[in-house]
Each structure stands twice: as structure tokens, then as C-alpha cells.
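A.B. asks: Here is a sequence with its predicted model. Questions after.
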Amino acid sequence: MAVGLIGTGMMGVPMGLRLLAAGHDLRIFNRTPVKAAPLLAAGAVWCDEPMALAAASEAVITLVGGPADVEAIYLGPEGLIEATAPGGLLLDMTTSSPALARRLAAAAAARGLDLLDAPVTGGVGGARDGTLSILVGGEAAALERARPLLQALGRTVTLQGPAGAGQRAKLVNQTIVATTLLAVAEGLALALEAGHDTKALMAAIEPGTAGGFVLNNHGRKMLAGDFAPGFFVRHLLKDVELALAAGEEEGLRLAGLALVRDRLRRLVEVGQGESGVQALLLAVERTEDA
């Protein structure tokens, strides 16, 4: 399939490489061209603007920063919905707003296009290995059209419901991940401050009820003082703010998530926005700071 990919960041590059390896003809665009170099070296074709990419593609995938970027690239005067020929397939894999996803799907349908919201979970490792979980919102028939692409990217592809449901499912995921990250950070901060033998601790609790991906992976990085990014603090903050807004729409006060937001904001304020999310360990308050 002739595929267009807009967004060649930490997730976009390995996902693009997976599409090339699966035999798809890939065209790419990114606001920062240098970030597209690995894909160009692997055989992707550069397009100077999204409109040209859309015109040459049967399907277009977007992986951009957030809702404002999504809205601009789809609904702007030279946006994808106007640039894509009727019958085209659009997949927004950015973590974004459920309400915006519904608006985009309606605008696309009015132009005879299929548009899916299809955010992912599984991180850079999942993107590299093709083991992502892809959470899809939209029409079942459109998902079947997209399935050959999505199966090159993920191990699990699930239709969550109509337009916007994929984004809502991703925000549920991020709510659980973010609050678990803070719980792990606070638990390990207690161990570190007390001088506990953390090797013995992890051997005891990883197989138990507290065990899981966040503790076993991010927790170990916290203990090692490894704050290199697999997923940026600033990106998690964006997702947490979207989840809080979704909660408000449903009449929910997500108090635990609001606490995580405050800690993430503090990290960004002190220059840790480009650190990995395990840097939440650095935001655990001491009693003299509370």
C-alpha cells in the first residue's frame, strides 16, 4: 500500500521502519526534516508538505504532538481532510482528545473519507518490535481497510467503539500508568531514604502483587538513577491533562491523577521535561518541602 506518515519522532521512526519492512511504499513528512533521516536511509520518500503526501498516498498516518497539532494538520486550510481524495483512509495515532477525534471523523465522512483514531501503547520498544497495542475508534469497515497496516505495527488491534473511543481508551491507559508511576516512585523513595537493601526488596516484591511492567521496568530505572527517555515527562503531562479534561466531561474528579499532573508540572519547571517518565522519583516531596 502507498502509505503517508506525518511525524517521525521517537515513535514515528520505528513504526515507519516496520511499515517499510512489511513492504509498504512509504512517504514521509516531518516539521524537522533531520529526524526523518533513518527512514529516508531505509527507502522512504520525502514530501515537502502534507498535501503532497496525501495526494500520493492511499492511507495517511499521523503521529504529531497533541490536539492543537492534530487539528491544524487535519482541518487547516491545507489540511489532510481537504487534500485527501474521496475514498482515502486517514489514521490519527497521536494521543489526543476524544472530542476532537469525533469532530475529525465527522468532517472526514462529509468528504467521503474514512478516519480512525488509533493511539497506541507499548512505548518505543513496542514500536520497534511491532508489539504495540493499538486502540481504535471508528467504523469496523474502516478498521478492516487499515488492518494490513496496523498488523505491521502492533500485536493487538482492538476496536474500542465509534469515533473517539480509541482516544478515550488510551486516556484510561494513561490514567492507570501515570498513577502507578507515582505509586512506584513513592514506594521506592521510601526504600531509598530508609537505606533499605533495594536488591532484596525488588527480588521480594516484583513477583508479588506490586509487580508489573511499571515496577519491573521503570522502577529498576529509578533505582539505577537512569532517567533517559523512552517516553518524555512532557508527553506524559500532556496525556494526563487530556485525561483530566475527559474526566471532567464525565463529571469525575480524578484526584490521584491531578496529583500526578502537579508532580509532572514541577519536573517540567525544573528542566526535566525531556527526561523519561521514571524521573517522577525526583518529584517525590520531602516533608520540609510539603
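C.D. replies: Arrived safely.

A.B. asks: and the host helix or strand of Tyr74, which residues are buried?
C.D. replies: Using DSSP states H and E, Tyr74 maps to helix 67-75. Buried residues in helix 67-75, counting neighbours by 16 or more other C-beta atoms under 10 Å, are found at 67, 69-71, 73-75. Any C-beta I mention is one placed from the backbone N, CA and C, and that applies to glycine too.

A.B. asks: now stretch 249-256
C.D. replies: So for stretch 249-256, counting by 16+ other C-beta under 10 Å, buried means Leu254.

A.B. asks: I would like the residues contacting that stretch, please.
C.D. replies: With contacts defined as C-beta atoms under 8 Å, 6 or more residues apart in numbering, stretch 249-256 is touched by 99, 175, 179, 182, 243-244, 247.

A.B. asks: What of stretch 258-271?
C.D. replies: Contacts for stretch 258-271 (C-beta under 8 Å, 6+ apart): 178-179, 181-182, 233-234, 236-237, 240-241, 244, 273, 275, 279-280, 282-284.

A.B. asks: Can you list the buried residues in it?
C.D. replies: Neighbour-count burial for stretch 258-271, counted by 16+ other C-beta under 10 Å, picks out 260-261, 263-265, 267.

A.B. asks: ditto for stretch 222-242
C.D. replies: Here stretch 222-242 shows 222-223, 227, 229, 231-242 as buried, counting by 16+ other C-beta under 10 Å.

A.B. asks: out of these, what pair is the most spread apart?
C.D. replies: Within those, two members stand farthest from each other by C-beta to C-beta: Leu223 and Leu242, at 29.8 Å.

A.B. asks: The buried residues of stretch 222-242 in helices, which ones?
C.D. replies: By the criterion of DSSP state H, membership of the buried residues of stretch 222-242 in helices covers 222-223, 233-242.

A.B. asks: Which of those sits closest to Leu171?
C.D. replies: Using C-beta to C-beta, Leu242 is the member of those that sits closest to Leu171, with 5.8 Å.

A.B. asks: re earlier: which one (most neighbours) among the contacts of stretch 249-256?
C.D. replies: The most crowded member of these, judged by other C-beta atoms under 10 Å, is Ala243 (25 neighbours).

A.B. asks: got the contact list for that residue?
C.D. replies: Counting by C-beta under 8 Å, 6+ apart, Ala243 touches 171-172, 174-175, 178, 254, 257.

A.B. asks: Please parse the chain into its domains.
C.D. replies: 2-162, 168-283 (automatic domain parsing).

A.B. asks: which regions of the stretch 1-150 of the chain lie under the pLDDT threshold?
C.D. replies: The stretch 1-150 of the chain contains no residues with pLDDT under 70.

A.B. asks: Tell me where it has strands.
C.D. replies: Secondary structure of the stretch 1-150 of the chain (DSSP state E, counting those that start in this stretch): strands at 2-6, 25-29, 45-46, 59-62, 89-92, 114-117, 120-121, 132-137.

A.B. asks: swap in the stretch 151-290 of the chain?
C.D. replies: Under DSSP E, counting those that start in this stretch, the stretch 151-290 of the chain gives strands at 154-161.

A.B. asks: In the chain, which helix is the longest?
C.D. replies: helix 165-193.
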